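Asker: Sequence and predicted model, in that order:
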Amino acid sequence: EDQVTQSPEALRLQEGESSSLNCSYTVSGLRGLFWYRQDPGKGPEFLFTLYSAGEEKEKERLKATLTKKESFLHITAPKPEDSATYLCAVQADGSGNTGKLIFGQGTTLQVKP
Amino acid sequence: NAGVTQTPKFQVLKTGQSMTLQCAQDMNHNSMYWYRQDPGMGLRLIYYSASEGTTDKGEVPNGYNVSRLNKREFSLRLESAAPSQTSVYFCASSPHRDGSYGYTFGSGTRLTVV
């Protein structure tokens, strides 16, 4: 069964304290791994897509990396405005040409000033 | 602003009542999706439409029906609401069937069934 697990469930950081969020996945074949940001009361916002092991993508203080079993979202010198829930999702080979994604439960990040 | 529009934003239903959640996108996307989000469960796919004229079941379709009215609109219907359907419902769209450009999500509908 295709599965996505994120850890930790919640993370509290001081402003400027760098850390990483983890997304472990089990799929028959990976077509793509996606990261989203979700603010309270809003829909998820697309951040990155990664397709193959070794690939990295960056956006401001965020950097996403991918291995054959997991992805990391590294947050460098976070600011309070980075506080949000970060969702990881995968598209498996078994999804065909449908775009279906399997989501993890998310990591809620709080950055204190 | 271009994007995905969901209506209503909030709704309270009594058990057994029916309602339709509306979703429209103005980005000329081909694929549209309905997810529900519950605490500790993540986002779960209810139904999707890979292209205009097609719809398919997702992970949790029981108790729901959908209609892809045209390329822009994808509605979700609850025929007889149950308390287990209390959730936040998100509609999303993607320009490509393979989802490679990621989804654009609407702002959600918070549904409470009492």
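Answerer: Nice, I can see it.
Asker: my read: B:T104 touches B:Q6, true?
Answerer: No: judged on C-beta atoms under 8 Å, B:T104 makes no contact with B:Q6 at a distance of 11.7 Å. C-beta: built from backbone N, CA, C; applies to glycine.
Asker: where do the contact lists of these two overlap?
Answerer: Common contact partners of B:T104 and B:Q6 (C-beta atoms under 8 Å, 6 or more residues apart in numbering or on different chains): none.
Asker: In the chain, what residue spans correspond to strands?
Answerer: In the absence of a named chain, this looks at chain A. Taking DSSP state E as the criterion, chain A carries its strands at A:3-7, A:10-14, A:19-26, A:30-38, A:45-50, A:56-59, A:62-66, A:70-75, A:84-92, A:102-103, A:107-112.
Asker: that's the wrong chain, I wanted chain B
Answerer: Assigned by DSSP E, the strands in chain B fall at B:4-7, B:10-13, B:19-25, B:31-38, B:42-49, B:56-57, B:64-68, B:74-78, B:87-94, B:104-105, B:109-113.
Asker: tilt between the fourth one and strand B:109-113?
Answerer: Interaxial angle of strand B:31-38 relative to strand B:109-113 (axes from the mean of the first three to the mean of the last three C-alpha atoms, to 10 degrees): 50 degrees.
Asker: Can you point out the buried residues in strand B:31-38?
Answerer: B:31-37 (16 or more other C-beta atoms under 10 Å in any protein chain shown).
Asker: hmm, who's touching stretch A:64-79?
Answerer: Contacts for stretch A:64-79 (C-beta under 8 Å, 6+ apart): A:13, A:15-25, A:33, A:35, A:47-48, A:50-58, A:61-63, A:82, A:86, A:88, A:109, A:111.
Asker: Share the number of residues neighbouring the nearest residue to A:D93 once chain neighbours are set aside, please.
Answerer: The shortest distance from A:D93 to any non-neighbouring residue, by C-beta to C-beta, 6 or more residues apart in numbering or on different chains, is to A:G29 (3.2 Å). Neighbourhood size, A:G29 [other C-beta atoms under 10 Å in any protein chain shown]: 10.
Asker: A:G29 is in contact with A:V90, isn't it?
Answerer: No: at 10.2 Å, A:G29 does not count as touching A:V90 under the criterion of C-beta under 8 Å.
Asker: Read off the pLDDT value for residue 21.
Answerer: Using chain A. A:L21 is assigned a pLDDT of 98 by the prediction.
Asker: Not quite, go with chain B.
Answerer: Reported pLDDT for B:L21: 98.
Asker: what does chain A have sitting close to chain B?
Answerer: Residues of chain A found near chain B (C-beta under 8 Å from any C-beta of the partner chain) are A:4, A:31-32, A:34, A:36, A:41-46, A:49, A:87, A:89, A:91, A:97-101, A:103-106.
Asker: What subset of those is buried?
Answerer: Neighbour counting by 16+ other C-beta under 10 Å classes A:4, A:31-32, A:34, A:36, A:43-46, A:49, A:87, A:89, A:91, A:98-101, A:103-106 among these as buried.
Asker: Who is residue 64 paired with across the strands?
Answerer: With no chain named, the answer covers chain A. A:K57, A:L73 (DSSP bridges).
Asker: looking at chain B here, not the other one
Answerer: B:L78.
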